[in-house]
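Enquirer: could you work out the structure for the sequence below:
(one chain, ligands or ions: 1)
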Amino acid sequence: MKLATIRHDGLQCAAIVDPDAKRVWPLPGHSMIDVIGAERVPPPDGARIPLAEVSLLAPIPRPARNIFCVGKNYRDHAAEMGAGDALPEVPILFSKVPQTVIADGDPICIPHGLSEAIDYEAELAVVIGREGRGIAKADAYDHVFGYTILNDVTARDLQRRHSQWLIGKSLDGFCPLGPWIVTADELDPATIGLRLWVNDELRQDASTADLIFDIPTIIATISAGITLYPGDIIATGTPAGVGAGFKPPRFLKAGDRVTIEIDGIGRLSNPVR
Ligand code: MN
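Expert: The predicted structure follows:
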């Protein structure tokens, strides 16, 4: 099932997206967090509405806490970022503040005067469905509600200058998320393709089979000492092909459009201003 957060007639709620993604079926009075926490998806109310007639928000428009992110989690990306043959031995974890989240179609804004080195990162995002601490790898998927697409937008100069990655990863609007969540029963996340285009140019093209640390390992690592809650989001890392990997670097500029496609989920596309 595809689940979105929509705004229609001034009301915001979760909605079921038809399999062909042409219409939505609102769940009035229910937020996405309500739906994630419920035993089953509440019954829809009223008629299906053409998708084009509603505003699509990010599926979780304002996460309750920071988005967990894994750095350098694909071999070829670790190499292009200068790691050489030294792959991480344990997952590199950082976070993005909740206010970074924007929807499909919202603009990524270049913060002129602060950074011009704005980069993109196509990532599969995991949405947690069941609370847990000390989750074993074998049980990890029992805690997953579903999957969505995340663009881990990054100011490379700020990321490097401040040692910790928080500032470079958390500028306003630096987390396009969506367009919807695909529930875990519909997707095997272990071997799915993800691609990213800047305008018409394919920049990233990989499979989650190439992850250094797979989803169960990531969930086990985070939850060892940090309780995971329904609605938490984990970005699993990006493959090779980011702008910083080119010589010279090819960062985003106003007028560009960044589009990410993940098999079984859909497309997340954002203009750059
Ligand atoms: Mn990333």
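Enquirer: alpha carbons only for contacts and neighbour counts from here, please
Expert: Fine.
Enquirer: and the helices in the protein, which stretches?
Expert: Ranges of helices in the chain, per DSSP state H, are 32-37, 75-78, 156-161, 166-169, 215-223.
Enquirer: ok, and what's touching the second one?
Expert: Going back to what we said before, that points to helix 75-78. 72, 84, 87, 210-212, 238-242 (Cα atoms under 8 Å, 6 or more residues apart in numbering).
Enquirer: chain center to that helix: distance?
Expert: 19 Å (Cα atoms, centre = their mean, to the nearest Å).
Enquirer: where does the chain have low pLDDT?
Expert: Along the chain, the model assigns pLDDT under 70 to residues 83-85.
Enquirer: care to break it down by domain?
Expert: Under the assignment automatic domain parsing, the domains of the chain span 2-57, 67-271.
Enquirer: correct me, but Gly264 touches Leu187?
Expert: Yes. The criterion here is Cα atoms under 8 Å, and Gly264 meets it with Leu187 at 6.6 Å.
Enquirer: tell me which of the domains of the chain is the most buried.
Expert: Mean neighbour count (mean count of other Cα atoms under 10 Å) peaks for domain 67-271 among the domains of the chain, with a mean of 20.
Enquirer: circling back to that earlier point, just the contacts of helix 75-78 now: which is nearest the ion?
Expert: Thr238 (5.3 Å; Cα to the ion).
Enquirer: what does the stretch 51-200 of the chain put close to the ion?
Expert: With Cα under 5 Å from the ion as the criterion, the stretch 51-200 of the chain meets the ion at residues Asp152.
Enquirer: can you pull out the strands in the stretch 51-200 of the chain?
Expert: 55-57, 67-71, 92-96, 101-102, 118-119, 122-128, 144-151, 154-155, 175-183, 193-198 (DSSP state E, counting those that start in this stretch).
Enquirer: residues contacting the nearest residue to Ile128 once chain neighbours are set aside?
Expert: Closest residue to Ile128 apart from its sequence neighbours, by Cα to Cα, 6 or more residues apart in numbering: Val144 at 4.5 Å. Contact partners of Val144, counting by Cα under 8 Å, 6+ apart, are 126-130, 184.
Enquirer: try Asn151
Expert: Asn151 makes contact with 120-123, 174-177, 260 under the criterion Cα under 8 Å, 6+ apart.
Enquirer: let's see that with 6 Å instead.
Expert: 121-122, 175-176 (Cα atoms under 6 Å, 6 or more residues apart in numbering).
Enquirer: got it, and Ser207?
Expert: Each residue near Ser207 by Cα under 6 Å, 6+ apart is listed here: 191-194.
Enquirer: measure the closest residue to Cys13 other than its chain neighbours to the ion for me?
Expert: Nearest residue to Cys13 in three dimensions, chain neighbours excluded: Ser31, at 5.1 Å (Cα to Cα, 6+ apart). If you measure Ser31 against the ion using Cα to the ion, to the nearest Å, the figure is 27 Å.
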